[in-house]
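>>> just to be clear, the model below is a prediction. Sequence and coordinates:
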Amino acid sequence: MMFAVLGIPIKKQLNLNETQFGLLAAIPVLSGSLVRVPLGIWCDKHGGRIVFFLLMLATVVPIWMISIATEFWHFLVLGLFVGLAGGSFSVGTPYVARWFPPKRKGLAMGIFGAGNSGSALTKFVAPAIIGAYGWQMLPTVYAVAMALTALIFWQFSYTDPSHQVKGGDASLGAQLKMLKDPRVWRYCQYYSVVFGGYVALALWMTKYYVSEYGFNLQLAALLAACFSLPGGVLRALGGWISDRYGAYKVTWWVMWVCWVCFFLLSYPPTSMVIKTVNGDMNMDISVSPLVFTGLLFIVGTAMAIGKASVFKFIADDFSGNIGAVSGVVGLAGGLGGFVLPIMFGALVDLTGVRSSAFMLLYGTVCVSLVWMHYSFKPAASAPVALPAAA
């Protein structure tokens, strides 16, 4: 997520267009998505502790090397290696979930998922570091932080051999058989909205505030954190709500809240002349920064709850191979987070309308609502079986 802020001075230094900026911000998400399936399988087979530890160590050097990069392709290549950290979700989710009974897995996974709030922490820390020491200092600080985190994790975490999938059940072919299950594809689509959309907006909003409202980097990043922070921290709340009310009901309402907010955010600044009996009346319609930030906060809260509810689906339906299924669903969500920022930039370059990003997200939510309606309608309308007479 550091490219959400770091990318702005890099864009200026390298004279990048909107599409190139979108690619720069999104490229770490690509590798983080592609490794989720193998990482989830390795977690099932070898245990989450060792996989998580080695994954964190593998990102330290690439993060540090960003500080000495000078060309656009340097940042793209290093971004691919830095993005491996994004695959950690398909390791941490099953690692955490297996320590808890089913009725508490949603909350446990939600607390782990609250680590997404790190994207908001970047919005607070990164502008201050860049302003004081230059953008090259930011990757150096983050590399040290990652190394320390890996060591602390190894020192204070544990493993349970009974959590590992034994023998051939952990093979790639066996674990990927669940792709034949239509439920997996549904959960992939939902997660591509609530997680992929979250990642894309977290990467895009700082620049959006700078370009659309003319704010400086520090203020833009602070306001963007109003979306990122609840989108991470409240994931634990989403896990608790999903445990209490069920994954379907929670996800359904999350999609409706996002649908309404994206509709309002999609409306571009508009000037019109209305013919009245007293002559022409000029009218300007736009979303003010205050309203815009308030709607983003609501979306961030909804997405936090939705991320937890989707993984509650997985924990309920695939308790035997959570790692592999969460890897597949995480892959879909991560690919959404990779594709969407690039499409945001391309749409701005093509249409010149910055709110076109929200128009795209509005369409994806519409797909989710229609799919949910027709997927769960038969189960919802099925007659309730009466107990047999004694």
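Perfect, thanks for sending it.
>>> can you map out the strands along the stretch 201-350 of the chain?
Taking DSSP state E, counting those that start in this stretch, the strands of the stretch 201-350 of the chain run over residues 270-276, 279-285.
>>> each with direction, which strands does the last one pair with?
Meaning strand 279-285. When pairing is defined by DSSP bridges, strand 279-285 lines up against strand 270-276 (antiparallel).
>>> neighbouring contacts of the partner strand?
Among residues not part of strand 270-276, those counted as contacts by CB atoms under 8 Å, 6 or more residues apart in numbering are 280-286. For the C-beta atoms, the positions are set from N, CA and C on the backbone; glycine is no exception.
>>> 6 Å instead, please
Strand 270-276 has contacts (CB atoms under 6 Å, 6 or more residues apart in numbering) with 280-285.
>>> rebuild the residues you listed as TSV, extending it with pLDDT and distance to Tyr198.
Formatted as TSV, these follow (pLDDT from 0 to 100; distance: CB to CB, whole Å):
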residue	pLDDT	distance to Tyr198
Asp280	84	43
Met281	86	40
Asn282	86	38
Met283	83	34
Asp284	82	31
Ile285	81	28
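>>> picking that back up, would CSV of the strands of the stretch 201-350 of the chain with mean neighbour count and distance to Leu296 be doable?
Output for those, formatted as CSV (neighbours: other CB atoms under 10 Å; distance: least, CB to CB, whole Å):
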stretch, mean neighbour count, distance to Leu296
strand 270-276, 9, 20
strand 279-285, 9, 19
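>>> okay if I get those strands as TSV plus distance to Ser375?
As requested, those are exported to TSV (distance: least, CB to CB, whole Å):
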stretch	distance to Ser375
strand 270-276	37
strand 279-285	37
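>>> so which of these comes closest to Thr351?
Thr351 sits nearest to strand 270-276 of all those, at 14.0 Å, using CB to CB.
>>> so for that closest one, mean pLDDT?
When pLDDT is averaged along strand 270-276, the result is 85.
>>> was I right about Pro94 contacting Cys43?
Yes - here Pro94 reaches Cys43: they are 5.4 Å apart, a contact under CB atoms under 6 Å.
>>> which of those two has more neighbours?
Cys43 (32 against 28; other CB atoms under 10 Å).
>>> how about the helix or strand containing the more buried one: buried residues?
Cys43 belongs to helix 36-46 when elements are defined using DSSP states H and E. Within helix 36-46, the residues scored as buried using 16 or more other CB atoms under 10 Å are 36-45.
>>> what about dumping the CA coordinates of the helix or strand where Trp73 lies to CSV?
Assessed by DSSP H and E, Trp73 sits inside helix 72-82. The C-alpha coordinates for helix 72-82 follow below in CSV (Å, rounded to 0.1, in the frame of the first residue of the first chain):
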residue,chain,number,x,y,z
PHE,A,72,9.7,3.0,-14.2
TRP,A,73,10.5,-0.6,-14.9
HIS,A,74,12.6,-0.8,-11.8
PHE,A,75,9.6,0.0,-9.7
LEU,A,76,7.4,-2.5,-11.6
VAL,A,77,9.8,-5.4,-11.1
LEU,A,78,10.4,-4.6,-7.4
GLY,A,79,6.7,-4.1,-6.9
LEU,A,80,6.1,-7.7,-8.0
PHE,A,81,8.4,-8.9,-5.3
VAL,A,82,7.1,-6.5,-2.6
